[in-house]
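> below are the sequence and a predicted model; questions follow.
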Amino acid sequence: MKELWIEEIADNKEEWSMLFNSFSFLIFFPAVVTVYFLIPRKLRCLWLLAASYYFYMSWNAKYALLIAGSTFVTWLSGLLLGMCEEKGSSLAVKKWIVAVSFTVNLSILVFFKYFDFLLGNVNALLHRFGLQMVEKPFDVMLPAGISFYTFQALSYTVDVYRKDIRPEKNIIKYALFVSFFPQLVAGPIERSKNLLVQIERMDRPRRRELFDYDRIASGLRMMLWGYFQKMVIADRIAILVNTVFDSWYFYGTAVLILGAAAFSIQIYCDFASYSTIALGAAKVMGFDLMENFDTPYFSRSIQEFWRRWHISLSTWFKDYLYIPLGGNRCGRMRRHINILITFLVSGLWHGASWHYVIWGGMHGMFQIIAAQTREIRDRIYERTHTKRDSFSFRFGQRVSVFLLTTFAWIFFRAESMSQALGYVGRIFTKPDWWVLTDGTIYRLGLKRMEMNILIFSLAVLFLVSLVKYLGKETLDVFLQKQCAWFRWGIAAGMFCCIFLFGIYGPGYDAGQFIYFQF
């Protein structure tokens, strides 16, 4: 079989050597920050760019060619759009520039991410009609973070086209915007109006000293909270989730529901932890990244859930796909079609498999059904004198949203559609509620002590999320209002919990963040 330079030989896997929860990163980050504070201001952008490329190349040095190519194409498209604006060129010329930028970048993304998926579907179709299938000519590996930095770079092209931002002439600064290492491989997907503007101001004198103790301490506390979510909760509950999903055909209703609910928590803690660590690391260096999660499981509707979950991606699809399709400016039927298209594409963005597409389509249908039945539900509430501002009603809404999202997560977590359908089928046909009291839950990969640690840590997570939801402030903002001994006590407590109860140590393979694969 022909080999491409993108193929990895060793078991078709990558060495995730620069994970946030790896020893390598614990050396890399302090070294980068120390040099960043010591060198002259004008060299900081170049230093962070070099560090970001080193960070990215730690997985595969050849991948740097891809991100560099995407950077150059979108940077050049921005310059050309700026030139067109100065010369008064027609709108058609500008659209052609945007189209070429999108075609080049999306072609690379489709090839690396969807080649196997497309070939598999073509062969399935050929086999159905009794025709000879196409032999796979080469193996294609998915480069780390390609979905994230491609979307980030393309948003810059559109922002320049819409005149939301001026073209960036300095390619070093623009390259740093695309490759900034804290959020490079799993987001948040930054916008040029936020991150690029901050990068442009790096070499300008500031009223406040760059080395700001309060800001650095705040960033480190955010990183600690992220590590707590990842190493104490996500990696621990993953053991239970993997046990249930890997042997789903042995279990019944109660265990399968528990496994699905556990995955809902796992994917939130796993992804939110990466975003939190990224925000904290960037804050240490003086950058403010956009918030990516805002207590999504407190949502009272699926629409609200997507305003709180993976905010950078959901707003990207809203601004650069849903609105260009027509958004809410067209009739009801077309609006529903736009919603469905947006969520189907979102599902495909998450993975090259039909069960991801189905997951996205389910969320689209949830929103369409909610919109179609809103008037009926309002009339029912009025006739039954339902108090929609009561705690019980709002609690019921939140439980309903959690159950719907958890049901959809089954299709997201499953390895195939057949597994997802089999999993759901056993939930409804194999009742086993007695296992909740016979000790079975302590035989799902976690011993009694580990399960108790998980329960305690989930209680901490709930309290922190509740404070944020009710007070509209994060754990760090809450701590900033407290006295110094309380802040240091909480930070020391989190560090001890990570050290004592975190999943790590000899024989432990640092858990890959779930969204790295997308």
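Cool, the structure landed.
> low-confidence ranges, the stretch 351-500 of the chain, go.
472-474 (pLDDT under 70).
> can we see that at 80?
436, 439-440, 471-491, 495 (pLDDT under 80).
> residue ranges of the helices in it, please?
354-372, 374-383, 391-413, 417-429, 448-471, 475-480, 484-501 (DSSP state H, counting those that start in this stretch).
> contact partners of the first one?
Where contact means C-beta atoms under 8 Å, 6 or more residues apart in numbering, the residues beyond helix 354-372 that reach it are 301-303, 306, 332, 336, 339-340, 342-348, 350, 404, 407-409, 411-412, 414-417, 420. (Each C-beta comes from the backbone N, C-alpha and C, glycine too.)
> which of the residues you listed are buried, as a PyMOL select command?
In PyMOL, this line selects whichever of these come out buried by 16 or more other C-beta atoms under 10 Å:
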select buried, resi 301+302+306+336+339+340+342+343+344+346+347+348+350+404+407+408+409+411+412+414+420
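> compute the first-to-last residue distance for stretch 155-167.
12 Å (C-alpha to C-alpha, to the nearest Å).
> give me the mean pLDDT for it.
When pLDDT is averaged along stretch 155-167, the result is 92.
> between the two ends of stretch 242-261, what distance do you get?
End-to-end distance (C-alpha to C-alpha), stretch 242-261: 13 Å.
> ok, back up a step: compare the helices of the stretch 351-500 of the chain and report which one is nearest to Phe293.
helix 448-471 (9.7 Å; C-beta to C-beta).
> touching the closest one from outside, list them.
Residues contacting helix 448-471 (C-beta under 8 Å, 6+ apart): 225, 228-229, 232-233, 236-237, 239-240, 265, 269, 294-295, 297-298, 441-442, 446, 473-475, 478, 497, 501.
> which among those residues count as buried?
225, 228-229, 232-233, 236-237, 239-240, 265, 269, 294-295, 297-298, 441, 446, 474-475, 497, 501.
> what about Ile339, distance to Gly326?
11 Å (C-beta to C-beta, to the nearest Å).
> which parts of stretch 156-163 are buried?
Tyr156, Thr157, Val158, Asp159, Val160, Tyr161.
> relative to Trp248, which of these is nearest.
Looking across the buried residues of stretch 156-163 and measuring by C-beta to C-beta, the closest to Trp248 is Val158, at 42.1 Å.
> what's the next secondary structure element after the helix or strand hosting that closest one?
For Val158, the host element (DSSP states H and E) is helix 146-161. As assigned by DSSP H and E, the chain's next helix or strand after helix 146-161 is helix 171-179.
> can I get the CA coordinates of the helix or strand following that next one in PDB?
For helix 171-179, the following helix or strand on the C-terminal side (DSSP H and E) is helix 197-200. Only the C-alpha atoms of helix 197-200 are listed here, as PDB (Å, rounded to 0.1, in the frame of the first residue of the first chain):
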ATOM      1  CA  VAL A 197      -6.800  42.500  18.200                       C
ATOM      2  CA  GLN A 198      -5.000  41.600  21.500                       C
ATOM      3  CA  ILE A 199      -2.000  40.200  19.500                       C
ATOM      4  CA  GLU A 200      -1.800  43.500  17.600                       C
END
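> centre of the chain versus stretch 394-401, how much separation?
In terms of C-alpha atoms, centre = their mean, to the nearest Å, the centre of stretch 394-401 is found 24 Å from the chain centre.
> deepest of the helices of the stretch 351-500 of the chain, which one?
helix 354-372 (a mean of 19; mean count of other C-beta atoms under 10 Å).
> which phi and psi does Arg162 have?
Dihedral pair for Arg162: phi -80, psi 0, per degrees, to the nearest 10.
> re the thing from before, distance to Val98 added to the buried residues of stretch 156-163, as TSV?
Below are the buried residues of stretch 156-163 laid out as TSV (distance: C-beta to C-beta, whole Å):
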residue	distance to Val98
Tyr156	11
Thr157	6
Val158	7
Asp159	11
Val160	9
Tyr161	5
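> wait, Gln419 sits on Trp248?
Yes. Using C-beta atoms under 8 Å, Gln419 is in contact with Trp248, at 7.1 Å.
> hmm, back to that, which among the helices of the stretch 351-500 of the chain is found nearest to Asp319?
Of those, nearest to Asp319 by C-beta to C-beta is helix 354-372, at 17.3 Å.
> quick one: the closest one to helix 374-383, angle?
With axes from the mean of the first three to the mean of the last three C-alpha atoms, to 10 degrees applied, the angle from helix 354-372 to helix 374-383 works out at 50 degrees.
> having no further points to raise, I will conclude here.
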